[in-house]
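> sharing a sequence plus its predicted fold:
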Amino acid sequence: ASNTATMTSRKPQRNGSSVSLPEFNIALLGVLGVGKSALTVKYLTRRYIMEYDPYMEDTYTKHECIDAQEIIVRIMDTYDREGSDPERYLRWADGIIVVYSITSRQSYEEARNYICSVLNYQNKTTREIPLALVGNKMDLERYRQVSKAEGSALATEQECLFYETTAAEDYQCVETVFHGIVKEIQREKERQMP
Ligand code: GDP
Ligand code: MG
């Protein structure tokens, strides 16, 4: 079994003891400008902030309650600069969200490459990493370059979850992505249990 299955956090209790909370490490991958930081901030704060430092990379923690279970979600908002080692993210992650923008065909083509690099890593390490493909900026319908059917087809082909989202408007669609990948990781952890 993978060591991620046993990774937990200690949560202090009123009586001084502590309980272990399961942890879920989720990394967001995708080319610059697709909305990885916007989605991360939206999920963490329910707010949409227009401008972030595009070269910023950070990891955030959120306590969550999913299906009546208290958990800790860690999110790595990446910035994939040239020459950076994508395996660094994959080693850390229990699950991956690959993001493209529905307004950029190039970002969609790159999403395929990101998915392939995750699958290559999986084959090499024989560790299953649940994957979600996300077409972001669905509020910019009039600038759409990638149809929902194309996004869905890529996800079906690569056997990953698929969502379209907007970080600018609806919170629910963003939460659905993160909860979806957490549940997929949970299923994967259960499969690894002896
Ligand atoms: P990153 O490089 O993938 O982290 O992309 P950012 O999160 O920095 O977003 C790049 C730009 O796209 C910023 O100006 C954001 O405000 C904008 N943006 C991100 N998500 C959305 C979205 O869902 N809708 C719209 N209209 N703009 C978005
Ligand atoms: Mg960013």
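Structure's in. What do you need? Ligands and ions are numbered 1, 2, ... in the order given.
> which residue, other than its chain neighbours, is closest to the one residue in the chain that gets nearest to ligand 1?
For the chain, the nearest residue to ligand 1 under the criterion CB to the nearest ligand atom is residue 35, separated by 2.9 Å. Every C-beta, even on glycine, is put in place using the N, C-alpha and C of the backbone. Spatial nearest neighbour of residue 35, chain neighbours left out: residue 136 (4.1 Å); criterion: CB to CB, 6 or more residues apart in numbering.
> now name the helix or strand holding residue 56.
Here residue 56 sits in a region with no helix or strand, counting by DSSP states H and E.
> quick one: it and residue 37 touch, right?
Yes - contact criterion CB atoms under 8 Å: residue 56 and residue 37 qualify, at 6.9 Å.
> in terms of neighbours, single out the busier of the two.
residue 37 (22 against 10; other CB atoms under 10 Å).
> could you check the pLDDT of the more buried one?
Looking at residue 37, its pLDDT stands at 95.
> any idea how far residue 143 lies from ligand 2?
Using CB to the ion, to the nearest Å, residue 143 is found at 20 Å from ligand 2.
> then residue 183?
Residue 183 sits 25 Å away from ligand 2, going by CB to the ion.
> re earlier: mutual contacts of residue 56 and residue 37, please.
Here residue 56 and residue 37 have residue 77 as joint contacts, going by CB atoms under 8 Å, 6 or more residues apart in numbering.
> brilliant, that's me finished.
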